[in-house]
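Chemist: Here is my input, please return the structure:
(chains A and B)
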Amino acid sequence: MRNLDTAQPPTYGLWKQGLWAENPALVKLLGLCPLLAVSNNAANGLGLGLATLLTLVIANTTVSACRTLLSNAIRIPAYMLIIASTVTLIDMLMKGWLPELHASLGIFLPLIVTNCLIIGRSEAFASRHGVLDSLHDALAMGIGFLWVVLVLGGVRELVGQGTLFDEAPLLLGDMAANWPVQLFDSDHGLLIALLPPGAFFTLGLLLACKNWIDIQLNRSSLNSYPPLIESEPPVK
Amino acid sequence: MNNTATNGMKLGVFTLIALLLLITTNALTREHVSRIQQALLLKSLSVLLPAGPYDASPLTSKRLITATALGPTNGIPLYTVYRNKRPLGAVLSITAPDGYNGDINLLLGVDYQGSIIGVRVTAHTETPGLGDDLELKRSNWITLFNGQSLNTTTSNDWQVKKQGGQFDGFTGATVTPNAVITAVYRALQWYEENRSVVFP
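Modeler: Numbering: from 1, shown residues only, chains lettered A, B, ... in the order given. You can find the predicted model right below:
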């Protein structure tokens, strides 16, 4: 892995940051609006996560490729242009090829434009690093977001109605025909998990789990308390 | 000054590239997208109309009407089908404004005589787990409307059983089914009085 890059940070670090240490959803709490709103079942979570990942990959590599052209004064409008065009492209393609998923994600698909995760990575990473590193960063951060929204959707669906990927065949078509799993009868589900408050509760529990795991890891390796989160400078 | 001009130029070129990209994609996908959407619409209409063959596809019969009995907006889509120039049936779009959590949008299919062929919910924001038994994939409640007409019912029948009507409610929800029942009843009455508008 390390030999891909020379002077710049090794990609192992990028992956670790994206998936865990600097996870956009669990640590930086970026993009919570779509994260909480669309995570009411696993299939929606997967759809939104993939769309966000794709946007992030295209936007990050494009910004990185153009970074020498973009002077300070015009960089933010240029990022917005790149991100908005990418999202519009994905929106058009999804409308044609995944119409059910497109309808189900509704307004949250175009709203990926405003997901701070994407412009955040453009500004904090892609504008200062090479294309290959930016691609790695986008993949790591995007998959970091994807797994959280997927777990959140899965937990809420499971607790709320006892199923997993129940809507997948409807949203993703025939390829997902065998995905749905019924673990218990939906009448015994805990309704609140499906409602908006359930999104906050579940995310809170996920955050607690993540922090608890970090504390255990730190205890065992260092026997001391280094700061849990080494943040990058805040992104506006 | 020179710097500003360069920046402006750069941003302009960027915008132009983005614009070209989007225009091209739109042009390439537009036909496919509209075909997909028409196919989805046709699929949802076909279960709400009398069996074919028709003189023309229901999609081509789309008209926009305004009727407060059906919904508050202007331009409510209406689909009609004919066979040998005789009217067969219609699909009305209805909005039930008094759902538990906002509007419930419905499609109502009726034959020419005024018997319901089917009702489907197209969009709603009712409580998941309680109000969403409206959806056919969760419960077959919505099929209770099949075959009903004004001729075989009285106005009292058009509420949930709990309140003396003939429709089952569903567990824990009265407002949601009642909103749908009332909206369907209102639409049937409108249809009865406005046949000449529906089938000019």
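
Chemist: Say whether chain B is contacted by the lowest-mean-pLDDT helix or strand in chain A.
Modeler: Least confident element among the helices and strands of chain A, by mean pLDDT, DSSP states H and E: helix A:168-172 (a mean of 76). Yes. Part of helix A:168-172 sits near chain B under the criterion C-beta under 8 Å from any C-beta of the partner chain, namely A:Leu170. The way it works is simple: take the backbone N, C-alpha and C, and place the C-beta from them, glycine included.

Chemist: For B:Gly102, which non-adjacent residue is spatially closest?
Modeler: B:Thr125 (4.9 Å; C-beta to C-beta, 6 or more residues apart in numbering or on different chains).

Chemist: How many residues are close by the one you found?
Modeler: Applying other C-beta atoms under 10 Å in any protein chain shown, we find 13 other residues in the vicinity of B:Thr125.

Chemist: so who does it touch?
Modeler: Contacts here follow C-beta atoms under 8 Å, 6 or more residues apart in numbering or on different chains; on that basis B:Thr125 touches B:99, B:101-103.

Chemist: Considering those residues, which possesses the most neighbours?
Modeler: Of all these, the most densely surrounded is B:Gly99 (24 neighbours; neighbours counted as other C-beta under 10 Å).

Chemist: Make sure that one is actually in contact with B:Pro177.
Modeler: No. Counting by C-beta atoms under 8 Å, no contact exists between B:Gly99 and B:Pro177, whose distance comes to 10.0 Å.

Chemist: Give me the below-cutoff pLDDT ranges for chain B.
Modeler: Chain B contains residues with pLDDT under 70 at B:1.

Chemist: May I ask you to name the longest strand in it?
Modeler: Scanning chain B for the longest strand, with DSSP state E as the assignment, gives strand B:86-99.

Chemist: quick one: buried residues of that one?
Modeler: For strand B:86-99, the buried set under the neighbour-count rule, 16 or more other C-beta atoms under 10 Å in any protein chain shown, comprises B:88-96, B:99.

Chemist: okay if I get those as TSV plus distance to A:Gly120?
Modeler: Listed next are the buried residues of strand B:86-99 as TSV, based on distance: C-beta to C-beta, whole Å:
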residue	distance to A:Gly120
B:Leu88	57
B:Gly89	54
B:Ala90	52
B:Val91	47
B:Leu92	47
B:Ser93	42
B:Ile94	44
B:Thr95	40
B:Ala96	42
B:Gly99	38
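
Chemist: Between which two of these is the distance greatest?
Modeler: Largest separation among those by C-beta to C-beta: B:Leu88 and B:Gly99, giving 30.7 Å.

Chemist: Looking at the chain, which helix is longest?
Modeler: This is for chain A. Taking DSSP state H as the assignment, the helix of chain A that covers the most residues is helix A:131-161.

Chemist: could you do chain B instead?
Modeler: Taking DSSP H as the criterion, chain B has its longest helix at helix B:2-46.

Chemist: Do any residues in it lie close to chain A?
Modeler: Yes. Applying C-beta under 8 Å from any C-beta, one finds helix B:2-46 in contact with chain A at B:3-4, B:6-7, B:10-11, B:14-15, B:18, B:21-22, B:25-26, B:29, B:32-33, B:36-37, B:40.

Chemist: Buried among these? Need that as a selection in ChimeraX.
Modeler: Here is the ChimeraX command that selects the buried residues among those (16+ other C-beta under 10 Å):
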select /B:7,10,11,14,18,25,29,33,36
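
Chemist: how far away is B:Ser61 from B:Ile116?
Modeler: Between B:Ser61 and B:Ile116 the computed distance is 19 Å (C-beta to C-beta, to the nearest Å).

Chemist: neighbour count winner among the two?
Modeler: Taking other C-beta under 10 Å, B:Ser61 and B:Ile116 do not tie; B:Ile116 has more neighbours (21 against 17).

Chemist: Please tell me how far the spatially most central residue of chain A sits from B:Leu134.
Modeler: The central residue of chain A, meaning the one whose C-alpha is nearest the mean C-alpha position (C-alpha atoms, centre = their mean), is A:Phe145 at 2.0 Å. According to C-beta to C-beta, A:Phe145 stands 33 Å off from B:Leu134.

Chemist: and what of A:Gly162?
Modeler: Distance, A:Gly162 to B:Leu134, using C-beta to C-beta: 20 Å.

Chemist: Please say which of the two ends up with more neighbours.
Modeler: A side-by-side neighbour count of A:Gly162 and B:Leu134, using other C-beta under 10 Å, places B:Leu134 first with 24 against 18.

Chemist: Quick check: that one touching B:Glu126?
Modeler: Yes. Judged on C-beta under 8 Å, B:Leu134 makes contact with B:Glu126 at a distance of 6.5 Å.

Chemist: any shared contact partners between those two?
Modeler: Taking C-beta under 8 Å, 6+ apart as the contact definition, B:Leu134 and B:Glu126 share the neighbouring residues B:104, B:176.

Chemist: Give the helix, strand or coil label for the residue nearest to B:Gly102.
Modeler: Here B:Thr125 is coil, with the state taken from DSSP: H, G, I helix; E, B strand; the rest coil.

Chemist: State the distance from it to B:Gly164.
Modeler: With C-beta to C-beta as the criterion, B:Thr125 and B:Gly164 are 28 Å apart.

Chemist: what's the answer for B:Val198, then?
Modeler: The span separating B:Val198 from B:Gly164 equals 31 Å under the rule C-beta to C-beta.

Chemist: Between those two, which has more neighbouring residues?
Modeler: Between B:Val198 and B:Gly164, counted using other C-beta under 10 Å, B:Val198 has the larger neighbour count: 20 against 9.

Chemist: With adjacent residues omitted, what lies nearest to that one?
Modeler: With C-beta to C-beta, 6+ apart as the criterion, B:Val198 has its nearest non-adjacent residue at 5.2 Å, and that residue is B:Ala90.
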